[in-house]
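A.B. asks: turn this into a structure:
(one chain, ligands or ions: 1)
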Amino acid sequence: MQLSEAKILIIDDDVDVLSAAKLLLKRHAKAVDIEKNPQKLPFLVTNGDYNLILLDMNFTRDVNSGREGFHWLDRILDINPAAKVIMITAYGDIEMAIRAIKAGAIDFVLKPWENDKLLTTISVALEGGKDKVAVVPEEKKDDGKKGKATADTIVATSDSMRHVLATAERVASTDANVLILGENGTGKTQLAKHVHQHSKRADKPFVVVDLGALSESLFESELFGHVKGAFTDAKEDRAGRFEEAKGGTIFLDEIGNLTLSLQAKLLTVIQERKVTRVGSNKPIALDVRLLCATNMNIEKMVTEKTFRQDLLYRINTIELDLPPLRDRPEDIGALADYYLKQYAKKYNRPVNDISSALIKKMQQYNWPGNIRELQHAIERAVILSQEKTLQPDDLFLKSSAGTPTTATGFDLEDMEKNMIVKAMKRFNGNITDAARELGLSRAALYRRMEKYGL
Ligand SMILES: Nc1ncnc2c1ncn2[C@@H]1O[C@H](COP(=O)(O)OP(=O)(O)OP(=O)(O)O)[C@@H](O)[C@H]1O
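C.D. replies: The predicted model follows:
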């Protein structure tokens, strides 16, 4: 969609920001509404039919944590999962902005913004589709060379990955239940999508359920649905995830985390191919393909009697085992290149190559967080680097082998320190210019330099 046809909503509790944005955007967009009070968001999102929402991350009630921004982002996406939201953030919030993208925002702009950049970000967001339920079609793989940059491209250069992919594509059309095994971040969800896309159910829903994030008390109503009055909060009838996946595929991630009593409930549903909503006595027939994944040693769990053997037999008609990234160094360069291109475009950065010294450094590292860790490391390097070619120093890797990564893979202090070093280098040690570039006062920059011993 063109910006000139778009209806845009801007939410910020700073009236100056609102008027500046409105002044700029009303010259380019079809309609621009502004709102100071985020409490009005649910009403506006439900009734306003907006093509794009610009949402402040830090409302004054909660200046620094961004928590309120996340809260409102969630509310918007609850009401309209396809909503396009761009977060407005301040300098120092890059980590939060990236978290917001992971939470479903389409992009972010830093305050104070440059008008041209803001317009480009908005136009790109409006033009690019965003469909979180349907899967973006993949590019056809070439003969193992670097993957092309689409959202769901599977990069596979190594023999082991190509073998897994070939098997996945062969079983995709069979409707067999598939269990995907692999460490965290090896691409289990990605592979599940791939199987769905290559199946005859490809144009039907692909529903992902993270069983690890589901409490025991929510399990049944989330998966099987409930009827009005089944429990205090059940204000209306609601379909569960199995019903949502009707005709398509359900992907149960972290299946090894289920308690034995929940395993029994799931087994019944799989055996009978029916679900009964909580509070109802009418079973509903299911036409759903089942894919599961775990990072646990499920055979060992069966031996230890923490996972039911009969359930394992039901879910693992076919097993696909994703190798950890450290066992397929051939994939590292291709993946790094793929993410470099993707993030350079996304953040509009000049970086376009990776030095062979850096490739070597990456191949010697053991990647405990696998592809997700590599993706985050490249994302961070692309944001911070001022050069065209990434060098070994641009990539922060956890030094000790086997150390688990943090949830996001980002260390805000590392990032801040590095940004300061780069800005100082760029302006030949001129504090005033570096502070201006970083959006800090001179005093604030001095304080930070002192803190980092620079
Ligand atoms: N072969 C691949 N090529 C390109 N990107 C990939 C590939 N495999 C995984 N990814 C990307 O790596 C990230 C992690 O992948 P994914 O979420 O599928 O891993 P996972 O094994 O399901 O993780 P977890 O165990 O934490 O659920 C995602 O952003 C995904 O798009």
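
A.B. asks: and the stretch 151-300 of the chain, which of its residues are near the ligand?
C.D. replies: 153-156, 182, 184-190, 253, 295 (C-beta under 6 Å from any ligand atom). Glycine gets a C-beta too; all of them are placed from N, C-alpha and C.

A.B. asks: from the residues you listed, pick the one nearest the ligand.
C.D. replies: Gly187 (2.6 Å; C-beta to the nearest ligand atom).

A.B. asks: give the contact list for that closest one.
C.D. replies: Residues near Gly187 by C-beta atoms under 8 Å, 6 or more residues apart in numbering: 154, 322, 370-371.

A.B. asks: rerun at 7 Å
C.D. replies: By C-beta atoms under 7 Å, 6 or more residues apart in numbering, the residues touching Gly187 are 322, 371.

A.B. asks: check Asp33 too.
C.D. replies: Applying C-beta under 7 Å, 6+ apart, the residues near Asp33 are 9, 48.

A.B. asks: buried set for stretch 99-119?
C.D. replies: 99-101, 104-111, 113, 118-119 (16 or more other C-beta atoms under 10 Å).

A.B. asks: out of the residues you listed, which are inside strands?
C.D. replies: Within the buried residues of stretch 99-119, residues falling in strands by DSSP state E are 107-111.

A.B. asks: could you dump those to JSON lines with distance to the ligand?
C.D. replies: Formatted as JSON lines, those follow (distance: C-beta to the nearest ligand atom, whole Å):
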{"residue": "Asp107", "distance to the ligand": "17"}
{"residue": "Phe108", "distance to the ligand": "18"}
{"residue": "Val109", "distance to the ligand": "23"}
{"residue": "Leu110", "distance to the ligand": "23"}
{"residue": "Lys111", "distance to the ligand": "28"}
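
A.B. asks: state the distance from Val351 to Glu220.
C.D. replies: Separation of Val351 from Glu220 (C-beta to C-beta, to the nearest Å): 48 Å.

A.B. asks: tell me the contacts of Tyr343?
C.D. replies: Taking C-beta under 7 Å, 6+ apart, one finds 378-379, 382 in contact with Tyr343.

A.B. asks: show me what the closest residue to Ile255 other than its chain neighbours is bridged to.
C.D. replies: The shortest distance from Ile255 to any non-neighbouring residue, by C-beta to C-beta, 6 or more residues apart in numbering, is to Cys292 (4.4 Å). Taking DSSP bridges as the rule, Cys292 bridges to Leu179, Leu252.

A.B. asks: quick one: neighbours of Cys292, just the number.
C.D. replies: The number of residues packed near Cys292 is 29, by other C-beta atoms under 10 Å.

A.B. asks: my guess is it contacts Glu254. True?
C.D. replies: No: contact between Cys292 and Glu254 fails when scored by C-beta atoms under 7 Å: they sit 9.0 Å apart.

A.B. asks: all strands for the stretch 201-350 of the chain, in order.
C.D. replies: Ranges of strands in the stretch 201-350 of the chain, per DSSP state E, counting those that start in this stretch, are 206-210, 225-226, 238-239, 249-253, 274-276, 283-285, 289-294, 318-321.

A.B. asks: ok, the stretch 1-150 of the chain next?
C.D. replies: Secondary structure of the stretch 1-150 of the chain (DSSP E, counting those that start in this stretch): strands at 7-11, 31-35, 52-56, 85-90, 107-111.

A.B. asks: ok so, going back, Serialize the strands of the stretch 201-350 of the chain to CSV and add fields for mean pLDDT and distance to His28.
C.D. replies: Below are the strands of the stretch 201-350 of the chain laid out as CSV (pLDDT from 0 to 100; distance: least, C-beta to C-beta, whole Å):
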stretch, mean pLDDT, distance to His28
strand 206-210, 93, 36
strand 225-226, 92, 44
strand 238-239, 91, 40
strand 249-253, 97, 40
strand 274-276, 94, 49
strand 283-285, 95, 48
strand 289-294, 97, 44
strand 318-321, 93, 48
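
A.B. asks: mind putting those strands into JSON lines with distance to Ile8?
C.D. replies: Below are the strands of the stretch 201-350 of the chain laid out as JSON lines (distance: least, C-beta to C-beta, whole Å):
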{"stretch": "strand 206-210", "distance to Ile8": "30"}
{"stretch": "strand 225-226", "distance to Ile8": "36"}
{"stretch": "strand 238-239", "distance to Ile8": "32"}
{"stretch": "strand 249-253", "distance to Ile8": "34"}
{"stretch": "strand 274-276", "distance to Ile8": "41"}
{"stretch": "strand 283-285", "distance to Ile8": "41"}
{"stretch": "strand 289-294", "distance to Ile8": "38"}
{"stretch": "strand 318-321", "distance to Ile8": "44"}
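
A.B. asks: what residue spans form the domains of this protein?
C.D. replies: Domain segmentation of the chain under automatic domain parsing yields 3-127, 159-321, 349-451.

A.B. asks: how about the shortest one and the ligand, touching?
C.D. replies: Yes: using C-beta under 6 Å from any ligand atom, a contact is recorded between domain 349-451 and the ligand, made by 371-372, 375.
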